[in-house]
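*Asks:* Next comes the sequence, and after it the predicted model I'd like to discuss.
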Amino acid sequence: MRHWYRIGWLLAFALLAAGCNRDGFSKSDLEITNVCLKVKGIVAYEYIPEASQIAFNRGRKEFRAGTDTMSDYFLLRMSDVPRENGQVFTGYLQWTTDDDIVTRSNLSFKVERIGDDGTVWLWCAAQKITVVIKLLN
């Protein structure tokens, strides 16, 4: 009887582990509806409309989101404007932490999805970075 008890726990643990996606773009990331930056699964910046601003410059292929005081922000410069699912492009990303400004160059982003409202979900597998931006007109 003890043997079945152990198998039950192992099965439950395996199912839980299968639901966690630590190495890739998570389906739950597609449920993010706000502009957001996640690094290794941790939210580094989330857009709050009442206290933040967003901007997109199509000509410069640049997206910015930040608090009204710009004390917290992220900036994404892209080699190309996202146009279709599966598209891959390089980018430069800069964001604030509690005590630093972090920059990453030559990141490879894949367009995971483009919504009808211009929301774009991007994934950088090498750095495990999820970026949700909004392409404004």
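*Replies:* Nice, I can see it.
*Asks:* Assign a three-state SS to Arg104, would you?
*Replies:* At Arg104 the chain is in strand, as set by DSSP: H, G, I helix; E, B strand; the rest coil.
*Asks:* ok, what's across the strand from it?
*Replies:* Note on Arg104: beta-bridge partners by DSSP bridges are Leu93.
*Asks:* what number of residues lie near it?
*Replies:* In terms of burial, Arg104 registers 15 neighbours under the definition other C-beta atoms under 10 Å. Every residue, glycine included, has its C-beta placed from N, CA and C.
*Asks:* can you pull the contacts of it?
*Replies:* Tyr92, Leu93, Gln94, Gln127, Ile129 (C-beta atoms under 8 Å, 6 or more residues apart in numbering).
*Asks:* farthest-separated two in those residues?
*Replies:* Gln94 and Gln127 (13.1 Å; C-beta to C-beta).
*Asks:* Surely Gly66 touches Asp72?
*Replies:* Yes. Contact status for Gly66 versus Asp72: in contact at 6.3 Å, counting by C-beta atoms under 8 Å.
*Asks:* Find the residues that touch each one of the two.
*Replies:* Shared contacts of Gly66 and Asp72, defined by C-beta under 8 Å, 6+ apart, comprise Tyr45.
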